[in-house]
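**Student:** Here is my input; please provide its structure:
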Amino acid sequence: MNKQQELDAIQLKSTKTEVMEANKSILGQPVWVTLPAHMTDYLPWRGTVTKVVDEEYFMVKPFGKNRKEESVSMYNIRSVTKKPKQTSNPKLRV
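**Tutor:** As a prediction, the model looks like this:
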């Protein structure tokens, strides 16, 4: 590994650490979990962030008894300040 590669590796590690620290700010917060529209049988659900797994993923415990924590991408987490829009699902139309 040359000097530039070593410096790049140090910078990447520093950036990852900063992201992990920033992600910790939502620990214990209630969130909505949504998934992409192509997952047609899916409905949004609410839960509490319990752990930061890495720079992108969190463990979220769904509200309600007997439901296990799930690993969720940060791109599928929304604030509870407002309910997420449910994507139109042709299978669910009446």
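**Student:** Helices along the protein, start to end?
**Tutor:** Along the chain, the segments classed as helices by DSSP state H run 3-23.
**Student:** what stretches of it score poorly on pLDDT?
**Tutor:** Across the chain, the ranges flagged by pLDDT under 70 are 8, 11-13, 37, 39-41, 82-94.
**Student:** how close does the spatially most central residue of the chain sit to Met59?
**Tutor:** Nearest to the mean C-alpha position of the chain, by C-alpha atoms, centre = their mean, lies Met74 at 2.7 Å. For Met74, the distance to Met59 (C-beta to C-beta, to the nearest Å) stands at 12 Å. For every residue, glycine as well, the C-beta is placed using N, CA and C.
**Student:** dump the residue contacts of the residue nearest to the centre of the chain.
**Tutor:** Taking C-beta atoms under 8 Å, 6 or more residues apart in numbering, we find Met74 in contact with Asn23, Glu56, Tyr57, Phe58.
**Student:** Got a quick PyMOL command for the buried subset of those?
**Tutor:** Buried residues among these (16 or more other C-beta atoms under 10 Å), as a PyMOL selection:
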select buried, resi 23+57+58
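**Student:** Which of the contacts of Met74 fall in strands?
**Tutor:** Among these, DSSP state E puts Tyr57, Phe58 in strands.
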